[in-house]
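Engineer: show me the folded form of this:
(chains A and B)
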There are 2 protein chains.
Amino acid sequence: MPQTEVLHEKIATALRKLPIYTEPSGLYQPISYTLEQGGKRIRPLLTLISAGVFGGDPDKALPAATAIEIFHNFTLLHDDIIDQAPLRRGRETVYKKWNINTAILSGDTMFAVAYGELAKSDPELLPQLMKVFTKTAIEVCEGQQYDIDFEDSDQVSIEGYINMIRLKTAVLLAASLKIGALVAGASDEDCERIYHFGENLGIAFQLQDDLLDAFGDEELFGKKTGGDIAANKKTYLYLKALENADAATAHQLVEFYSLRNLNNEDKVARVLEIFTEMGVKNETEQAVLRYYNKAIGFLNDIRCSDEQKAPLLELADRMLNRKF
Amino acid sequence: MPQTEVLHEKIATALRKLPIYTEPSGLYQPISYTLEQGGKRIRPLLTLISAGVFGGDPDKALPAATAIEIFHNFTLLHDDIIDQAPLRRGRETVYKKWNINTAILSGDTMFAVAYGELAKSDPELLPQLMKVFTKTAIEVCEGQQYDIDFEDSDQVSIEGYINMIRLKTAVLLAASLKIGALVAGASDEDCERIYHFGENLGIAFQLQDDLLDAFGDEELFGKKTGGDIAANKKTYLYLKALENADAATAHQLVEFYSLRNLNNEDKVARVLEIFTEMGVKNETEQAVLRYYNKAIGFLNDIRCSDEQKAPLLELADRMLNRKF
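Structural biologist: Numbers count the residues shown, from 1 in each chain, chains lettered A, B, ... in the order given. Model (predicted):
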């Protein structure tokens, strides 16, 4: 069994052994439903792999890795209420299957359970782990708030957008890696390097997600394209197109993004045409590459042999090539 | 300045100094709005007083006390969504003043900020504090879930009701005291004793709240009585009345509690009559006294001089006499 699968199994086992009780079932059933859904477990994998890269014992990082996965799933429960998302990983979201109150309260419980797992870490490391974990949790909330704010704003800058996806997506990937490094006793410098590796990789990952949502192969991407456009999501592509467009085209684009009841297929097709005319596909690909290269730069600076770093490079490539 | 006021001021200062940033304002304004509302700060006061009772330095307990107050306020934000409560401490609730999404996300942030404060405690104590804090947080969620479940259930037992108020209200008071004791280095036995003191006091406090809601002096109680009856809340009084009633009266009571659009004043008046006929006022007073005496029993067993315990006894009496 390849190393990643061994680690994946460790995470699955830890999640199965969680002290999640049965009563009140209205609280705990949605939690089991959420955590048993599987998914890629990228974040806890990053923690365990990172611990290994720095010569640590992945088992020592397992409580923190489990905490990160539970935290991530908690944010999904609340985000799905906020985004009114009916489906998640092909199944009904908790707020749809139960109701908003359940999704709020089961989510809150998961957040506490996450800290409960984190607290099982080596007591000497706990203050440091708490600091990174809590700072990241707050930043993820900030990112979600910016995402909400951007929906009603016509003043979103590309810089603001990058900062939003950094907070909403990238910092948790970065913290997952840093926490593994902390558990393994890596130097402060290497902890920062692996954090910035994850941060830039996360931004690249999200920009590529924007790209795939517009131009991806539906079969490979695993979902229908054009969803962001239909939902008027101000992605990197939209903001770049606005930047590149002349006044008339920009006006047209803004018009399309103010429509909510248009026949979506026509709208998506026309916006994609504008995106293509404005050359944003290529520009976004360049941006993905820029953040990816920045990430690799931080990885290169880490004081480990290339052989030790290999699993991180492999994971980065798998994330960007979406073979996960 | 009496000792309690000194401690109250310490808490207010700690809350003002919180690392709550300004941006995104959509996230942080509701947090400031919530925390600046004041209130009685009973829970952090209990922590600081408890630390003092066991000869500890209240300042050492301040991060944990602050964490408990932020946690408590976070639960109010989410509870107010769930209970659709328009007002809290005479001001609009966050979900009313802003919206549900804001109340969810600002609440989540507060939960993380609470843990951030807790993590500022003495590193050697942190694992223990985390354990009590997290267990309690989960129990508070369980209590809220039982409260929700009871709304639609006609099978609520008095035992189940007491367990619900224990989880929803009492355990946080109990944990507030225990955390103060832990910081002061009290013995395991005394930590348990002060916990059970708080737990029983909390149950007495909530039962008295049920009583005051039905039979209180509106001026002293500070709000209109009969609210629980109007809202069909299955309180201790209702459950006791059902237990004591003959079949016909029980049927009538259940009927009243199934009505949502009845002229509330008539309904409240008639239900109060049944309560009086069934002798539940007296029985509830007895129950309050029973839990109060149980609390005092635990307090008596604590290995401190009566002089040292005096602030706890004073606080207990103030809580039950509602002079706060």
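Engineer: do a quick rundown of the strands in chain A.
Structural biologist: Ranges of strands in chain A, per DSSP state E, are A:87-88, A:91-92.
Engineer: which residues touch the last one?
Structural biologist: With C-beta atoms under 8 Å, 6 or more residues apart in numbering or on different chains as the test, strand A:91-92 has contacts from A:Gln37, A:Pro86, A:Lys97. (C-beta placed from N, C-alpha, C; glycine too.)
Engineer: repeat that for 10 Å
Structural biologist: Here strand A:91-92 makes contact (C-beta atoms under 10 Å, 6 or more residues apart in numbering or on different chains) with A:Tyr33, A:Thr34, A:Gln37, A:Asp80, A:Ala85, A:Pro86, A:Lys97, A:Trp98.
Engineer: the first one too?
Structural biologist: Around strand A:87-88, the neighbours that count as contacts under C-beta under 10 Å, 6+ apart are A:Thr34, A:Gln37, A:Gly39, A:Asn73, A:Leu76, A:Leu77, A:Asp79, A:Asp80, A:Thr93, A:Val94, A:Lys96, A:Lys223.
Engineer: most neighbours among the contacts of strand A:91-92, please name it.
Structural biologist: Within the contacts of strand A:91-92, most neighbours by other C-beta atoms under 10 Å in any protein chain shown means A:Thr34, with 23 neighbours.
Engineer: what's the spacing between it and chain B?
Structural biologist: A:Thr34 sits at a distance of 15 Å from chain B (criterion: C-beta to the nearest C-beta, to the nearest Å).
Engineer: kindly reformat the contacts of strand A:87-88 as CSV and extend each row with pLDDT and distance to B:Ala230.
Structural biologist: Formatted as CSV, these follow (pLDDT from 0 to 100; distance: C-beta to C-beta, whole Å):
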residue, pLDDT, distance to B:Ala230
A:Thr34, 94, 36
A:Gln37, 82, 41
A:Gly39, 82, 45
A:Asn73, 97, 39
A:Leu76, 96, 37
A:Leu77, 96, 32
A:Asp79, 96, 36
A:Asp80, 95, 34
A:Thr93, 95, 34
A:Val94, 95, 31
A:Lys96, 95, 32
A:Lys223, 70, 48
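Engineer: in helices, which of these appear?
Structural biologist: Among the contacts of strand A:87-88, DSSP state H puts A:Thr34, A:Asn73, A:Leu76, A:Leu77, A:Asp79, A:Asp80, A:Val94, A:Lys96 in helices.
Engineer: which of those sits closest to A:Leu48?
Structural biologist: The shortest approach to A:Leu48 among those belongs to A:Asn73, at 17.2 Å (C-beta to C-beta).
Engineer: so which bits of stretch A:296-314 are buried?
Structural biologist: By neighbour count on 16 or more other C-beta atoms under 10 Å in any protein chain shown, the buried set for stretch A:296-314 is A:Ile296, A:Phe298, A:Leu299, A:Ile302, A:Cys304, A:Lys309, A:Pro311, A:Leu312.
Engineer: these two touch, right, the first one and A:His196?
Structural biologist: No - the criterion here is C-beta atoms under 10 Å, and A:Ile296 misses it with A:His196 at 11.0 Å.
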